[in-house]
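**Q** what's the 3D shape of this:
(chains A and B)
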Amino acid sequence: AQSVAQPEDQVNVAEGNPLTVKCTYSVSGNPYLFWYVQYPNRGLQFLLKYITGDNLVKGSYGFEAEFNKSQTSFHLKKPSALVSDSALYFCAVRASARGGADGLTFGKGTHLIIQP
Amino acid sequence: NAGVMQNPRHLVRRRGQEARLRCSPMKGHSHVYWYRQLPEEGLKFMVYLQKENIIDESGMPKERFSAEFPKEGPSILRIQQVVRGDSAAYFCASSPPGQGAYEQYFGPGTRLTVT
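**A** Residues are numbered from 1 along each chain as shown, chains lettered A, B, ... in the order given. Next up, the predicted model:
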């Protein structure tokens, strides 16, 4: 069975500082990895994904994530945080071996709070 | 291009009633997924459908829950004889046809409250 762990329920960062939201995963074979953001009472918005190739993936709103196969991690990063980045962030995985489309397995989410 | 649409956005049902949640995927998308989000938890996969076919329902409760995606019209998630534990946000997502590693696009969700 596949799983995702987001070890921090909440991350607090001062505006302008770099931010990291951690994610580790467990899956059979090669993973497809995703980050989504959720604002209050809204659906999830896609930020970025890792499928194959370069381990550093760039996404929307200045976010990026680094895939580390040996550590089975896919941490979300941003060089300079904005107050508007405050939201709930979800990491998700699915196994590429299942082919094509498939349901995602999500972590429990990390509340990111950017302090002015 | 309109996004994924869900209705109603909020639904209140008394215990024992039926709840019907509707989802219209993005234009051109033929894969639909339903997820449930309980308070302070992540999203849990429920079911994956293509037109007229249930592909994977491994996350669906065995009783009272059913889903369909007919040839015409929206996908429907149906919950019969609702109980308080069914109170949650239900999200629909869609993705394009084919075997690529596509991201899923999510609707705004339906918040079900069972009284």
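
**Q** Is it correct that residue B:11 is in contact with residue B:114?
**A** No: using Cβ atoms under 8 Å, residue B:11 is not in contact with residue B:114, being 9.3 Å away. In short, each C-beta sits where N, CA and C put it, glycine included.

**Q** just for the chain, where's the confidence low?
**A** Using chain A here. By pLDDT under 70, the low-scoring segments of chain A are A:96-101.

**Q** should've been chain B
**A** Looking at chain B by pLDDT under 70, you get B:1, B:99-101.

**Q** if I pick residue 107, what's in contact with it?
**A** No chain was given, so I picked chain A. Shown in contact with residue A:107 (Cβ atoms under 8 Å, 6 or more residues apart in numbering or on different chains): A:4, A:5, A:6, A:23, A:90, A:91, A:92, B:42.

**Q** Can you look at chain B instead?
**A** Counting by Cβ under 8 Å, 6+ apart, residue B:107 has contacts A:43, B:3, B:4, B:5, B:6, B:23, B:91, B:92, B:93.

**Q** and the closest residue to residue B:85 other than its chain neighbours, how many neighbours does it have?
**A** Nearest residue to residue B:85 in three dimensions, chain neighbours excluded: residue B:114, at 7.9 Å (Cβ to Cβ, 6 or more residues apart in numbering or on different chains). Neighbours of residue B:114 under the rule other Cβ atoms under 10 Å in any protein chain shown: 19.

**Q** tell me which parts of chain A are close to chain B?
**A** Contact residues, chain A versus chain B (Cβ under 8 Å from any Cβ of the partner chain): A:4, A:32, A:34, A:36, A:41-46, A:49, A:51, A:90, A:96, A:99-109.

**Q** And the residue most central in space within chain B, how far from residue A:50?
**A** By Cα atoms, centre = their mean, chain B has its centre lying nearest to residue B:34, at 3.4 Å. Distance check for residue B:34 against residue A:50: by Cβ to Cβ, to the nearest Å, it reads 25 Å.

**Q** Pull up the residues of chain B that are close to chain A.
**A** Residues of chain B lying close to chain A (Cβ under 8 Å from any Cβ) are B:4, B:31, B:33, B:35, B:40-48, B:55-56, B:58-59, B:91, B:93, B:95, B:98-109, B:111.

**Q** that older thread, can you say which of the residues of chain A next to chain B are buried?
**A** Buried members of these, scored by 16 or more other Cβ atoms under 10 Å in any protein chain shown, are A:4, A:32, A:34, A:36, A:43-44, A:46, A:49, A:51, A:90, A:96, A:101-109.

**Q** can you give me the strands in chain B?
**A** Taking DSSP state E as the test, the strands found in chain B are B:5-7, B:10-13, B:19-24, B:31-37, B:43-50, B:53-56, B:65-68, B:75-79, B:88-95, B:105-106, B:110-114.

**Q** OK, contacts around residue B:105?
**A** When contacts are counted by Cβ under 8 Å, 6+ apart, residue B:105 touches A:46, B:3, B:4, B:26, B:29, B:93, B:94, B:95.

**Q** Which ChimeraX command selects the buried ones in these?
**A** Filtering the contacts of residue B:105 down to the buried ones (16+ other Cβ under 10 Å) takes a single ChimeraX command:
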select /A:46 /B:4,26,29,93,94,95
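
**Q** any idea which of the contacts of residue B:105 is the one closest to residue A:113?
**A** Closest to residue A:113 out of the contacts of residue B:105 is residue A:46 (21.8 Å), distances taken as Cβ to Cβ.

**Q** Dig out what the residue nearest to residue A:73 when sequence neighbours are not counted forms beta bridges with.
**A** Closest residue to residue A:73 apart from its sequence neighbours, by Cβ to Cβ, 6+ apart: residue A:24 at 4.9 Å. Residue A:24 forms beta bridges with residue A:5, residue A:73, as assigned by DSSP bridges.
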